[in-house]
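**Q** Need coordinates for the following:
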Amino acid sequence: MALTEEGIISVPGFSSRWVRLANGAKAHYMTAGETGPPVILLHGGIAGSSGSAGWRFMAPFLAANGFRVYAPDQPGFGLADAREEYWPKNGPVSHIQFLEDFATALCVDRFHLAGNSMGCINTVNYLVAHPDRVLSFALIAGYVGNLVPPGPPSADRPNPLYFDGGEPEMREMMESIIMNKSAITDDLVKMRVMTARRQKDSYAAWRDTFLHSYEGNLGATLHTKDRLDRMNIPGIYLYGIDDVLIPVEEGYRQEEALPNIQFFYPEECGHQGQTDQPEMFAQAFMEFFRDGKVSRKTADWAGVSKRRPEIAGLVG
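**A** Below is the predicted model:
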């Protein structure tokens with residue numbers, strides 16, 4: 001791998017594109033595949049995150065198996081428009097509107113949707129706001145709003161929302177949440193530092209609101225209780241057993257409140273599961289988006305939950 005002239009890791013079959021949104025913002029996204037059902041993948045919220053950083057392993061695989069894949073740089077991240085008028089000053093609400101505008105600009109009316117960490121949160125919030133546009137969804141290691149409020153923070157958890165350093169500090173931060181150290185290449189670290197610096201002010205605007213997103217009027221806007229748990233849109237949730245950023249106990253609590261979502265707990269997997277176990281996650285996503293269920297073999301591989309009966313129809 002190497003960085004392109006745009007400062008993006010070069011991945012065969014994963015291309016850089018731009019689109020102008022209705023509000024005037026210039027949106028950047030990575031894409032793979034020319035035909036087939038559309039899939040939108042939402043990256044996480046650690047400084048330096050982007051569509052390329054989050055989905056460079058999965059997107060080409062999905063494309064090779066018949067999907068059109070879009071991995072946008074959400075506002076405050078990657079190569080998203082960093083002008084002040086486009087800062088995500090309303091935190092998660094800004095990201096909901098961005099996704100709505102992005103899908104509309106690409107004429108993608110209905111799509112499969114997935115997200116990791118912050119992308120998981122944004123998937124949940126978008127699903128509640130626009131259920132008519134989502135065919136099915138997949139979640140990786142995040143939160144689900146006030147349906148299951150986050151547990152108290154642990155003093156020994158890493159805090160990757162604050163970054164003001166160089167490549168050594170970025171590598172240390174990534175190594176704290178990714179188990180697969182071979183995936184933390186020099187090019188990845190360099191790309192993430194460049195985008196973190198480029199988005200410093202925009203990212204800070206998002207972060208300051210995101211940290212208080214369950215409060216006041218914003219919390220009411222993002223209300224998921226008695227909404228997410230009542231939906232029947234097909235969904236799966238993969239939660240790494242070895243997650244140190246949002247420990248797996250949070251996943252157990254969420255599973256108790258989400259009777260219609262099939263949970264999986266993959267081993268040797270941390271917070272960014274699609275990077276720690278790329279073949280496993282890509283296979284599970286592909287089968288689910290293609291067939292509406294995960295095969296028996298893949299379900300067992302991915303650690304299908306034994307904490308409650310499997311959901312009929314979602315596991316082969």
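**Q** need the strands for the stretch 201-316 of the chain, in chain order.
**A** 235-238, 261-264 (DSSP state E, counting those that start in this stretch).
**Q** which residues of the stretch 1-150 of the chain fall in strands?
**A** Using DSSP E, counting those that start in this stretch, strands in the stretch 1-150 of the chain cover 15-20, 26-32, 38-42, 68-72, 111-116, 134-140.
**Q** Just send these back as TSV, with mean pLDDT and mean neighbour count too.
**A** Every C-beta, even on glycine, is put in place using the N, C-alpha and C of the backbone. Listed next are the strands of the stretch 1-150 of the chain as TSV, based on pLDDT from 0 to 100; neighbours: other C-beta atoms under 10 Å:
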stretch	mean pLDDT	mean neighbour count
strand 15-20	98	14
strand 26-32	98	22
strand 38-42	99	27
strand 68-72	99	25
strand 111-116	98	27
strand 134-140	98	23
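**Q** Distance to T298 for the ones you listed - can I get that in a markdown table?
**A** Putting the strands of the stretch 1-150 of the chain into a markdown table (distance: least, C-beta to C-beta, whole Å) gives the following:
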| stretch | distance to T298 |
| --- | --- |
| strand 15-20 | 28 |
| strand 26-32 | 21 |
| strand 38-42 | 17 |
| strand 68-72 | 19 |
| strand 111-116 | 16 |
| strand 134-140 | 13 |
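**Q** now for the ones you listed, which one comes closest to P160?
**A** strand 111-116 (13.1 Å; C-beta to C-beta).
**Q** The closest one pairs with which strands?
**A** Paired neighbours of strand 111-116 in the sheet (DSSP bridges): strand 38-42 (parallel), strand 134-140 (parallel).
**Q** quick one: which of those strands is nearest G240?
**A** With C-beta to C-beta as the yardstick, what comes closest out of these is strand 134-140 (8.0 Å).
**Q** hmm, back to that, can you check which of the strands of the stretch 201-316 of the chain gets nearest to M58?
**A** Ranking the strands of the stretch 201-316 of the chain by proximity to M58 (C-beta to C-beta) places strand 235-238 first, at 11.7 Å.
**Q** Give me the packing partners of the closest one, helices and strands only.
**A** Where contact means 3 or more C-beta pairs under 8 Å, 6 or more residues apart in numbering; DSSP states H and E, strand 235-238 is packed against strand 134-140, helix 248-257, strand 261-264, helix 278-291.
**Q** Turn these into JSON lines, columns for distance to L42.
**A** As requested, these are arranged in JSON lines below (distance: least, C-beta to C-beta, whole Å):
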{"stretch": "strand 134-140", "distance to L42": "10"}
{"stretch": "helix 248-257", "distance to L42": "18"}
{"stretch": "strand 261-264", "distance to L42": "17"}
{"stretch": "helix 278-291", "distance to L42": "13"}
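**Q** Mind jotting down where the helices sit in the chain?
**A** For the chain, applying DSSP state H gives helices covering 51-55, 58-64, 92-105, 118-129, 167-175, 186-198, 200-210, 216-221, 248-257, 273-276, 278-291, 296-301.
**Q** what does the last one contact?
**A** Read it as helix 296-301. The contact list for helix 296-301 (C-beta atoms under 8 Å, 6 or more residues apart in numbering) reads 264, 266, 280, 283-284, 287, 310, 315-316.
**Q** again, only this time at 7 Å
**A** 280, 283-284, 287, 315-316 (C-beta atoms under 7 Å, 6 or more residues apart in numbering).
**Q** What residues sit buried inside it?
**A** 298-299, 301 (16 or more other C-beta atoms under 10 Å).
**Q** For V128, which non-adjacent residue is spatially closest?
**A** R227 (5.1 Å; C-beta to C-beta, 6 or more residues apart in numbering).
**Q** Tell me if I'm right that M118 and S50 touch.
**A** No. Using C-beta atoms under 7 Å, M118 makes no contact with S50, being 11.9 Å away.
**Q** And those two? Which one has more around it.
**A** Legend: neighbour count by other C-beta atoms under 10 Å for M118 and S50, higher for S50 (30 against 26).
**Q** Cheers, nothing more for now.
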